[in-house]
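Peer 1: heads up, no residue letters with this:
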């Protein structure tokens, strides 16, 4: 896949990943044939509604899945090795140090009975840092994420922090191990809007400062637009459209992406009423044999029910899973640009 | 300093509770129908001896005076004399309480051994074979009454295979220890069953929690995850439950000491009730109240150490 905007080295390359869950004898197809790569220094976003498989995909990268999950096929190539084939010992060396993760709700993601210090020091196990170096690094991390009086707060517990500070503390703990890739699973969803903005700016700043890559999971297109270089839109465990952020917002070519963008409330639009996508996502235990979005799609034809469309590259770096993406040609996204000029921005 | 202040505050709070309980004990003992002197001495007692006993027990005084004398007795550790043993109640209790304390300590020890490891394994292996087996055993332990378990253990290990004494607890420290093994195991079985279930459920909740996932995402060892993130947190509610069960086991000595004929407080209480030795009954109840209050205080302190979210105030 060529990409004119970002041609850096590939850090993580996921190929044809599938994840299945088994409960009560039923098989849930949580992730279906997902392929993408993340380059050094890039922020890649997954967007989609709850239960579309975006969290599952991101957790599969470090094999942090529930006991009833299986990965029947796929490859997750990180620095030349397939994470899915690693022994548990080697996997542990990837977790934290190479790929770190932050969660949606810091109040539940940090152990309530251990201090921030105790939880941060777990990142230093196996290094030959002295006590003084650990202390120095820990204080430095809290300072980096903007927590005031870090020496004192290091000894505190998560319940002693306010909402925004909690998320900062978790980010500091994760980054203390110097990961090359940060998986951020809905890092701003549990926060109120002003704090949300601070955290987004913080992650952007630190990413540039440390030269990390970020995989961002969110259901919020606003967050995507502020953070991501490239985006994948997920629906029912499938990637339905991937593109650089500008292209996705300006010339969406999948009906679902267009639906998401149209559903955004905007003060610019003449019509102030929300335009939801009608219907609900299909059950992962009972996916339609054709296009998973077909039952809700306004552009649906007979072929859509019969045949699952393939991911097709319609312009360099812009891939769509739709038989009739041509129908959306000329459709208006959030940003108005000439159709011809969009890839050269 | 915080802890000392807290203890002082709690002890002060205990005083009104203690006074209310002593009033209740006073009323209950006096509410028993019949003339205590008559009950104690029997129907063929002479009027002179009855009058002498009434005088000795202070029954001729008004209730108010009796109550004040009773309160004074508690404060000065003079709870009267035992009719049956003909010695001060306080001395009698002190001579017996050691057995019961040791029984409770050993029962607690066996409870921890029997419940912590199986409870953890059952939680980690939820719905798998080890969990099924542990839950079945726990259910049996919960369903069978403790005196019956005691009798079965006695039949097996004292009568059939003569490893343990059938009754009593001997004279030396070693004999005491050996004599307490079967009774404390008997106590521990029923209590362990409850703790296993509690710990199992805590482990099941915690092993799927976000913070365990976060710990895993840091690449730390499975041992560290188990010890510092799962067990550490799962034991907090279990410890509270255990302390309640320690109180229950202290009370349970009433049954166990009679099954195993141990010279403890429980056996003394039962004998004193039969003998209408009310001074002793009253003394033991007061002692139980104090023990329960002290264990409750200790529990709250331990709880605040285990869980920093709990503030001592």
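Peer 2: Structure's in. What do you need? All values reported here derive from a predicted model rather than from experimental measurement. Residues are numbered from 1 along each chain as shown, chains lettered A, B, ... in the order given.
Peer 1: now the one helix or strand residue B:295 maps to: buried residues?
Peer 2: Residue B:295 belongs to helix B:278-306 when elements are defined using DSSP states H and E. Buried positions in helix B:278-306, judged by neighbour count with 16 or more other C-beta atoms under 10 Å in any protein chain shown: B:278-289, B:291-293, B:295, B:297, B:299-300, B:303-304, B:306. (Each C-beta comes from the backbone N, C-alpha and C, glycine too.)
Peer 1: and if you look at stretch A:293-305?
Peer 2: A:293, A:294, A:295, A:296, A:297, A:299, A:300, A:304.
Peer 1: check the residues you listed against chain B, which are close?
Peer 2: On the criterion C-beta under 8 Å from any C-beta of the partner chain, none of the entries of the buried residues of stretch A:293-305 sits beside chain B.
Peer 1: let me have these in JSON lines, extended by pLDDT and secondary structure.
Peer 2: Below are the buried residues of stretch A:293-305 laid out as JSON lines (pLDDT from 0 to 100; DSSP: H, G, I helix; E, B strand; the rest coil):
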{"residue": "A:293", "pLDDT": "94", "secondary structure": "coil"}
{"residue": "A:294", "pLDDT": "92", "secondary structure": "helix"}
{"residue": "A:295", "pLDDT": "91", "secondary structure": "helix"}
{"residue": "A:296", "pLDDT": "91", "secondary structure": "helix"}
{"residue": "A:297", "pLDDT": "91", "secondary structure": "coil"}
{"residue": "A:299", "pLDDT": "90", "secondary structure": "coil"}
{"residue": "A:300", "pLDDT": "88", "secondary structure": "coil"}
{"residue": "A:304", "pLDDT": "92", "secondary structure": "helix"}
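Peer 1: how about the residue most central in space within chain A: which residues does it bridge to?
Peer 2: For chain A, the residue nearest the mean C-alpha position is residue A:217 (2.6 Å; C-alpha atoms, centre = their mean). Residue A:217 forms beta bridges with residue A:46, residue A:185, as assigned by DSSP bridges.
Peer 1: tell me how far it lies from residue B:11.
Peer 2: From residue A:217 across to residue B:11, the span is 53 Å (C-beta to C-beta, to the nearest Å).
Peer 1: just residue A:135 next, same as before
Peer 2: Distance from residue A:135 to residue B:11, by C-beta to C-beta: 40 Å.
Peer 1: circling back: okay, the residue nearest to the centre of chain A: pLDDT?
Peer 2: Residue A:217 carries a pLDDT score of 96 in this model.
Peer 1: spit out the contact partners of it.
Peer 2: By C-beta atoms under 8 Å, 6 or more residues apart in numbering or on different chains, the contact list for residue A:217 reads A:45, A:46, A:54, A:55, A:58, A:183, A:184, A:185, A:186.
Peer 1: about what we covered before: adding distance to residue A:161, write the buried residues of stretch A:293-305 out as TSV.
Peer 2: As requested, the buried residues of stretch A:293-305 are arranged in TSV below (distance: C-beta to C-beta, whole Å):
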residue	distance to residue A:161
A:293	41
A:294	46
A:295	44
A:296	41
A:297	45
A:299	48
A:300	49
A:304	49
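Peer 1: need the max-distance pair from the residues you listed.
Peer 2: A:295 and A:299 (12.5 Å; C-beta to C-beta).
Peer 1: which one is whatever residue of the stretch 1-150 of chain B ends up closest to chain A nearest to, not counting chain neighbours?
Peer 2: Closest to chain A within the stretch 1-150 of chain B is residue B:126: 8.8 Å, counting by C-beta to the nearest C-beta. Closest residue to residue B:126 apart from its sequence neighbours, by C-beta to C-beta, 6 or more residues apart in numbering or on different chains: residue B:204 at 5.1 Å.
Peer 1: count the neighbours of the one residue in the stretch 201-313 of chain B that gets nearest to chain A for me.
Peer 2: Of all residues in the stretch 201-313 of chain B, the one sitting closest to chain A is residue B:219 (3.4 Å; C-beta to the nearest C-beta). Neighbourhood size, residue B:219 [other C-beta atoms under 10 Å in any protein chain shown]: 24.
Peer 1: quick one: contacts for it?
Peer 2: Taking C-beta under 8 Å, 6+ apart as the test, what residue B:219 contacts is A:91, A:92, A:93, A:94, A:95, A:96, A:97, A:177.
Peer 1: out of these, which is most surrounded?
Peer 2: Within the contacts of residue B:219, most neighbours by other C-beta under 10 Å means residue A:96, with 26 neighbours.
Peer 1: relative to chain B, how far out is that residue?
Peer 2: In this view, residue A:96 and chain B are 4 Å apart by C-beta to the nearest C-beta, to the nearest Å.
Peer 1: now the contacts of residue B:219 as TSV including pLDDT, distance to residue B:53 and secondary structure?
Peer 2: Converted to TSV, these look like this (pLDDT from 0 to 100; distance: C-beta to C-beta, whole Å; DSSP: H, G, I helix; E, B strand; the rest coil):
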residue	pLDDT	distance to residue B:53	secondary structure
A:91	95	81	helix
A:92	94	78	helix
A:93	93	83	helix
A:94	94	84	helix
A:95	95	79	strand
A:96	93	79	coil
A:97	93	83	coil
A:177	94	80	coil
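Peer 1: and these, which two are the farthest apart?
Peer 2: Across those, no pair lies farther apart than A:91 and A:177, at 14.6 Å, counting by C-beta to C-beta.
Peer 1: the residue nearest to residue B:126 and residue B:125 touch, don't they?
Peer 2: No. Counting by C-beta atoms under 8 Å, residue B:204 stays clear of residue B:125, with 10.0 Å between them.
Peer 1: assign a three-state SS to residue A:20, would you?
Peer 2: Under the three-state scheme (DSSP: H, G, I helix; E, B strand; the rest coil), residue A:20 adopts strand.
Peer 1: still on that earlier bit, nearest to chain B among the buried residues of stretch A:293-305?
Peer 2: Sorting these by distance to chain B puts residue A:293 at the head of the list, at 30.4 Å, by C-beta to the nearest C-beta.
Peer 1: for that closest one, grab phi and psi.
Peer 2: Phi and psi for residue A:293, reported as degrees, to the nearest 10, are phi -90, psi -10.
Peer 1: how close does the spatially closest residue to it that is not a sequence neighbour get to residue A:320?
Peer 2: Distances taken as C-beta to C-beta, 6+ apart place residue A:256 nearest to residue A:293, at 5.0 Å, with adjacent residues excluded. Distance of residue A:256 to residue A:320, computed by C-beta to C-beta: 10 Å.
Peer 1: between the two, which contacts overlap?
Peer 2: Shared contacts of residue A:256 and residue A:320 (C-beta under 8 Å, 6+ apart): A:240, A:241.
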